[in-house]
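Asker: A structural model of the following input is requested.
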Amino acid sequence: MRRIVWMIQGMLTIVLLALLSQECIAGVVIEQVMSDAQGKTSTVFLYFSDSRLRTDHPEGGVATIMDFKNDRMVMIDHRSKSYAETKFSQWEKEVSKGLKRETTAMKPRRREILVRKTGETAIINGFRTEKIEILADGQLLEENWVTQDVDLKEIGKVMERVAKGFSKDFRSEMREGREIYEKLKPHGFPILIKDYTANYGLKGSDVVEVKKIERKELKEEIFLPPPNYQRIIPEKPKK
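Answerer: Residues are numbered from 1 along each chain as shown. Next up, the predicted model:
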């Protein structure tokens, strides 16, 4: 469950950065690299403009478009040259149902969350960062290298919009993730995140690293499926 919360939290953080950047630019492109404990890496490109987000996973051959304003979500498979489209609100409901089924038998114990400044600083990919540790009942969960170079004054309002579909159904399960998010927020935006919960130790970790942030004009076609791709209509589950 913690891994799921961390993945959602990571996605929310990237969306928040894009939303906060839209006031003075037409779009933003973010390049990040994700690595697992075995050292396998994958690059993800994120494009945002006008309340729309696109994530591209070149290695996997897939892309996802989220249009928050028009309640639209598109999932593209470049390998089969096809795509599926649904309402974003419906997707949120389906994910919530899946999480609920997975966690029905789990009753996570409330843990004491501590966000600790270490005083360590570093320049990471051109960003001035400070190392912040997150502990639960004294156990190290995450190492975050955060920067104050990003304005986060609207972070609370945007997070509520993006996460509302999950939080309304999973207040207890999401409480720890939200608590971590809120306590980390005043320290800055994470440029490098090392998550140790998957292996419960420092021998291995999942890593998300922001490599580059580029502000630029984005074409409308970026937020549309390729015109020559086939639309797939998913079958409705049998009752």
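Asker: paired strands for the longest strand anywhere in the chain, with orientation please.
Answerer: The single longest strand within the chain, with elements called by DSSP state E, is strand 113-124. Partner strands for strand 113-124, per DSSP bridges, with pairing direction: strand 127-136 (antiparallel).
Asker: please identify the buried residues of the partner strand?
Answerer: By neighbour count with 16 or more other CB atoms under 10 Å, strand 127-136 contains the buried residues 127, 129, 130, 131, 132, 133, 134, 136. C-betas here are computed from N, CA, C, even on glycine.
Asker: the longest strand of the chain: which residues count as buried?
Answerer: Quick answer for strand 113-124 (16+ other CB under 10 Å): 113, 115, 124.
Asker: redo those as CSV? Include pLDDT and distance to residue 185.
Answerer: As requested, the buried residues of strand 113-124 are exported to CSV (pLDDT from 0 to 100; distance: CB to CB, whole Å):
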residue, pLDDT, distance to residue 185
113, 90, 13
115, 94, 10
124, 94, 19
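Asker: for the residues you listed, which one is nearest residue 75?
Answerer: Proximity of these to residue 75, judged by CB to CB, is greatest for residue 124, which lies at 31.6 Å.
Asker: partner residues bridging that closest one?
Answerer: Taking DSSP bridges as the rule, residue 124 bridges to residue 127.
Asker: is it correct that it is in contact with residue 193?
Answerer: No: Residue 124 sits out of contact with residue 193 when judged by CB atoms under 8 Å, with a separation of 11.2 Å.
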